[in-house]
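Participant: I'll drop the sequence and a predicted model, then ask my questions.
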Amino acid sequence: MVKESQRLLAADQNIPVIDMSLERSHVSMQIVKACETLGFFKVVNHGVDPDIISRMEQESIHFFAKPVLEKKLAEPVVNGPFGYGLKNIGLMGDIGEFEYLLLPTNLRFPSQLSFGGDSTKLGSAVTCYVEAVKQLACEILDLMAEGLSVPPHTFSKLIRAVDSDSVLRLNHYPSSDKIRSSTGAKHSDVSLSLPRVGFGEHTDPQILTVLRSNGVGGLQVAFPDGWWVPVSPDPSAFCLNVGDLLQVMTNGRFISVRHRAVTTGHANRLSTVYFAGPSVHTKISPLSAIIAAGDQPPLYRTFTWADYKKFVYSLRLGDNRLDIFRSCVDERTL
Ligand SMILES: O=C(O)CCC(=O)C(=O)O
Ligand SMILES: [Fe+2]
């Protein structure tokens, strides 16, 4: 359950909503400002085809409605932590009130992205959706590069690489009613009407996250002053958040924002999350153009995405991972 002591703001009017149809340099400055102050923003008029979005949502609903045994057959033909998961997050004992399907994105459908049974429609919906949100992520990363005055495509080329280690996760947070019926809990069980942690507090480790949800709320972001702010659901918008690697590359100018998902309501919540990451051997360090233009020395050491992922997997979800990669930390403590 969410602790009462945690401060919660009532509304999300402080969350930047950026209209991507406006003049390019204006959009670019707004994005940079949002990343520097919060690390989170919404975009509207983003140009992603609504049919691609609605197919993805319909196929997700269809997938999560299947019996668990059938969902467990959804194993992409690659090594890694992919496939269906229920409640467990990572390998260190973190638990959430949800189920998910985690997929690699650099596979060929249908040869590698097969889900067993009759799920070919899900495979093709995922392929189209990933292509569309990857374009959006690259466009936003290019706008960031422009606004930061770093060489064009500095960030997007990492995502466009054929072996980019980007992943897609479909999350399904069952409503209180569904939890009641699956656990046999009584209707009078008040604990089920209180907010519960669906996906605990964390930062995303990759470069940039592109999240969309159905019309049910649950996502909350941590403001720098310590308040949690619920993000009002808007199925036609995308939520963007800075990941840990982007905080490092911008030498701390951009904030990798802490966020979480809570479940409260009587409706199922679905979120579709694209994590844009580099290829595993990419070396990550503060960009020289940012160091040259700023007044800070490099705050982080150079490391590879493979090093960082390994470290992330060894920690609990809510642990701070970046501090250990700060320049002043002795490498022997790693
Ligand atoms: O479902 C959500 O709204 C948040 C999920 C999330 O933060 C994640 O999958 O990393
Ligand atoms: Fe996240």
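Facilitator: In hand now; what should we look at? Numbers count the residues shown, from 1 in each chain. Ligands and ions are numbered 1, 2, ... in the order given.

Participant: buried set for stretch 60-75?
Facilitator: Judged by neighbour count using 16 or more other CB atoms under 10 Å, the buried positions of stretch 60-75 are 60, 63-64, 66, 70-71, 74. Using the backbone N, CA and C atoms, a C-beta is placed for each residue, glycine as well.

Participant: residue in the stretch 101-250 of the chain nearest to ligand 1?
Facilitator: residue 219 (3.7 Å; CB to the nearest ligand atom).

Participant: can you report phi and psi for that residue?
Facilitator: phi -70, psi 140 (degrees, to the nearest 10).

Participant: A helix includes residue 240, no?
Facilitator: No: under the criterion used here (DSSP: H, G, I helix; E, B strand; the rest coil), residue 240 is strand, not part of a helix.

Participant: ok, and what's touching the longest strand out of those in the chain?
Facilitator: If you go by DSSP state E, the chain has its longest strand at strand 94-104. The set of residues external to strand 94-104 that reach it, using CB atoms under 8 Å, 6 or more residues apart in numbering, is 60, 63-64, 71, 74, 76, 78, 80-89, 113, 126, 165, 167-174, 179, 196-200, 261, 263, 316-318.

Participant: restricted to strands, list those.
Facilitator: 83-89, 167-173, 196-200, 261, 263.

Participant: restricted to buried residues, select those residues in ChimeraX.
Facilitator: A single ChimeraX command selects the buried members of those (16+ other CB under 10 Å):
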select :83,84,85,89,167,168,169,170,171,172,173,196,197,198,199,200,261,263
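
Participant: restrict the ones in strands among the contacts of strand 94-104 to contacts with ligand 1.
Facilitator: Near ligand 1, judged by CB under 6 Å from any ligand atom, the entries from those are 169, 171, 199, 261.

Participant: quick one: residues contacting the first one.
Facilitator: Taking CB under 8 Å, 6+ apart as the criterion, residue 169 is in contact with 100-103, 272-273, 275.

Participant: helices or strands up against the strand or helix carrying residue 306?
Facilitator: If you go by DSSP states H and E, residue 306 is part of helix 305-313. Contacts defined by 3 or more CB pairs under 8 Å, 6 or more residues apart in numbering; DSSP states H and E place helix 305-313 against helix 244-249.

Participant: distance from the chain centre to the helix it packs on, please.
Facilitator: Helix 244-249 sits 14 Å away from the centroid of its parent chain (CA atoms, centre = their mean, to the nearest Å).
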